[in-house]
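Visitor: build me a model:
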Amino acid sequence: MIEFPPASLPYWARGAKDLEKLNASGSHAAPHGSLAGKQAVVGDHGVVAEHHASRNHRITTDAAVSPDNATHQPGVVSNGNTRPQNTTLNDRIVPDAASLTQGRRLNFGHFSNHHTGSKLAVLIDAGGYGTAADSHLIGYLEAFFARRPDLHRRLAAVYITHSHLDHNTSLPHVVQSFQVDRYVETGRPNGEVTTWMDHRLSQTPVIQHIVVTEASVEKAGPRGISNARVDPLACAGVNPRIRILSGARVPVPGLTKTDLETENNHSMTIRIDYGASSFLWTGDMEKPALALLAARYTGNKLLDADVYEAGHHGSDNGTTPPLLDAVTPILAVISVGHRGNSGSKTAYGYGHPRIETLQLLEGRITAARPTVHGFMATGKKQLHDFDESRAIYATGWDGDIVVTADAFGHLAVELPH
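Guide: Residues are numbered from 1 along each chain as shown. Coordinates of the predicted model:
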């Protein structure tokens with residue numbers, strides 16, 4: 001779902017807090033420059049490197065006008081609302097940023113505040129297939145903490161959206177390598193990773209264990225769960241908020257026995273807000289559960305987000321028209337493998353991203369991006385060339401993706417080359 005940008009990005013900090021979000025499937029992006037605060041979301045496939053030849057795109061909105069420059073800027077559309085109706089993309093980066101670097105199946109968030117001294121990092125998912133993915137993730141986190149000794153190799157929270165190997169397989173290695181304060185999950189046993197974690201939770205040092213179910217979400221009220229147990233962030237100025245909108249499900253009308261046997265439908269939905277900027281992850285939730293999710297939050301805008309990580313790696317069952325009606329994304333990121341990888345557990349094997357999903361996203365997202373030569377799927381093992389010119393990014397053709405947002409609603413995208 002949030003990190004530090006490469007050194008080539010011209011950041012400067014004017015606010016009390018900057019949020020950086022990195023989803024790095026990647027390697028070593030360094031947090032250079034003067035930032036008042038940082039947050040990150042990191043993923044596990046691809047490379048985030050300190051490229052001076054990086055491509056910077058800016059997606060600007062009417063909400064992206066800072067208080068000391070509250071006039072129209074080139075490429076900024078203004079309608080006076082906190083949520084923009086239109087967007088324009090250009091090639092500048094913006095200050096006071098919250099950035100999300102998107103890779104595959106992993107989100108790492110780093111938050112610090114110079115005014116309060118609070119310094120925190122969180123991790124969303126820790127998956128992938130094979131030893132190479134595991135080594136890459138641990139190596140990435142080792143390099144990150146080596147650059148940030150002030151964080152003391154500490155993860156304030158690890159969130160596992162659901163217990164599939166492409167989301168949790170590296171969790172034991174993470175827990176063995178770093179201090180983990182909280183483990184937030186759905187509580188559904190599913191294989192050796194959850195068995196290992198159950199055993200580890202009985203040992204020291206103690207890890208707080210928070211299980212999120214639909215019952216706990218409903219009990220929290222119509223705005224989901226956002227308390228100190230699931231959201232360890234407490235920053236002065238603009239305080240990022242982590243909110244959980246769904247958890248492990250129980251039999252209800254609208255879900256069949258088969259639906260409930262599908263682990264994807266028990267995915268946690270996670271929302272992160274930073275001022276006027278917002279991000280949404282639905283895990284691998286599929287159509288029946290997505291229908292219940294959209295119905296629950298109809299009318300209260302909690303699914304309405306600027307940046308949407310397309311569900312289930314761009315599968316045709318992970319994004320629906322009613323969901324997009326609720327989200328109204330400005331920008332979408334698809335966490336998907338590279339075209340050249342073969343085998344059953346790959347973009348090629350699963351057929352991701354599906355053309356139906358890309359068409360749905362293109363029907364909702366009006367912002368443009370520099371055209372990229374990508375690919376789409378018409379079925380399993382059926383990948384085809386596809387050129388994308390809307391603000392839809394995918395790790396399979398873009399590599400690691402850094403989405404930067406500030407508290408006023410600016411969005412910017414940085415790619416590695």
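Visitor: tell me how far the residue nearest to residue 196 when sequence neighbours are not counted lies from residue 199.
Guide: Leaving aside its chain neighbours, residue 196 sits nearest to residue 172 (5.0 Å; criterion: Cβ to Cβ, 6 or more residues apart in numbering). Yep, even glycine has a C-beta here, placed from its N, CA and C like the rest. Separation of residue 172 from residue 199 (Cβ to Cβ, to the nearest Å): 10 Å.
Visitor: who has more neighbours out of the two?
Guide: Taking neighbours as other Cβ atoms under 10 Å, residue 172 and residue 199 compare with residue 172 leading, 17 against 10.
Visitor: so the more buried one sits in a helix?
Guide: Yes: assessed by DSSP: H, G, I helix; E, B strand; the rest coil, residue 172 belongs to a helix.
Visitor: list the contacts of it.
Guide: Applying Cβ atoms under 8 Å, 6 or more residues apart in numbering, we find residue 172 in contact with 193, 196, 197, 200.
Visitor: from what I can see the third one touches residue 183, true?
Guide: Spelled out, it's residue 197. Yes: at 6.7 Å, residue 197 and residue 183 qualify as touching, with contact defined as Cβ atoms under 8 Å.
Visitor: which residues do these two both contact?
Guide: residue 175.
Visitor: name the next helix or strand downstream of the helix ranked longest in the chain, please.
Guide: Assignment by DSSP state H gives helix 130-147 as the longest helix of the chain. Remark: after helix 130-147, the chain's next helix or strand is strand 154-155, criterion DSSP states H and E.
Visitor: give me the sheet partners of that following strand and which way each runs.
Guide: strand 179-180 (parallel) (DSSP bridges).
Visitor: what's the nearest residue to residue 267 once chain neighbours are set aside in contact with, if anything?
Guide: The spatial neighbour of residue 267 that comes closest, neighbours along the chain excluded (Cβ to Cβ, 6+ apart), is residue 283 at 2.7 Å. If a contact means Cβ under 8 Å, 6+ apart, then residue 283 has 161, 162, 167, 264, 267, 268, 269, 270, 311, 312 as its contacts.
Visitor: helix, strand, or coil at the fourth one?
Guide: When you say that, I think you mean residue 264. Assignment for residue 264 (three-state DSSP): helix.
Visitor: what's the answer for the third one, then?
Guide: State at residue 167, reduced to three classes by three-state DSSP: helix.
Visitor: these two touch, right, it and residue 159?
Guide: No: judged on Cβ under 8 Å, residue 167 makes no contact with residue 159 at a distance of 9.9 Å.
Visitor: name the residues contacting each of these two.
Guide: Both residue 167 and residue 159 are contacted by residue 125, under the criterion Cβ under 8 Å, 6+ apart.
Visitor: just the helices in the stretch 301-417 of the chain please.
Guide: Taking DSSP state H, counting those that start in this stretch as the criterion, the stretch 301-417 of the chain contains helices spanning 321-327, 347-350, 355-364, 395-398.
Visitor: most tightly packed of those helices?
Guide: Burial of these is given as mean neighbour count (mean count of other Cβ atoms under 10 Å); helix 395-398 ranks first at a mean of 25.
Visitor: what average pLDDT does that one get?
Guide: Averaged over helix 395-398, pLDDT sits at 90.
Visitor: let's see it as PDB, backbone CA atoms only.
Guide: Only the C-alpha atoms of helix 395-398 are listed here, as PDB (Å, rounded to 0.1, in the frame of the first residue of the first chain):
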ATOM      1  CA  THR A 395       4.700  -2.800 -11.600                       C
ATOM      2  CA  GLY A 396       4.700  -5.300 -14.500                       C
ATOM      3  CA  TRP A 397       5.500  -2.700 -17.000                       C
ATOM      4  CA  ASP A 398       6.600   0.400 -15.000                       C
END
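Visitor: between the two ends of stretch 299-306, how far is it?
Guide: Using Cα to Cα, to the nearest Å, the end-to-end distance of stretch 299-306 comes out at 17 Å.
Visitor: sorry, back to before: buried stuff in the longest helix of the chain?
Guide: Buried residues in helix 130-147, counted by 16 or more other Cβ atoms under 10 Å: 133, 134, 136, 137, 138, 140, 141, 144, 145.
Visitor: on that earlier part again, now the contacts of residue 172 in JSON lines, with distance to residue 411?
Guide: Below are those laid out as JSON lines (distance: Cβ to Cβ, whole Å):
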{"residue": "193", "distance to residue 411": "34"}
{"residue": "196", "distance to residue 411": "38"}
{"residue": "197", "distance to residue 411": "35"}
{"residue": "200", "distance to residue 411": "38"}
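Visitor: listing partners with orientation, what would you give for whatever helix or strand residue 278 lives in?
Guide: Taking DSSP H and E as the definition, residue 278 sits inside strand 277-281. Partners of strand 277-281 in the sheet, by DSSP bridges, are strand 269-274 (antiparallel), strand 307-309 (parallel).
Visitor: tell me the mean pLDDT over stretch 274-293?
Guide: 95.
Visitor: mind listing what's buried in it?
Guide: For stretch 274-293, burial by neighbour count (16+ other Cβ under 10 Å) applies to 274-293.
Visitor: can you check stretch 248-258 too?
Guide: Residues of stretch 248-258 classed as buried by neighbour count (16+ other Cβ under 10 Å): 248, 249, 255.
Visitor: now, among the contacts of residue 172, which is nearest to residue 372?
Guide: residue 193 (34.3 Å; Cβ to Cβ).
Visitor: let's verify that closest one: helix, strand, or coil?
Guide: Recorded secondary structure, residue 193: helix (three-state DSSP).
Visitor: what about it, how many residues nearby?
Guide: 21.
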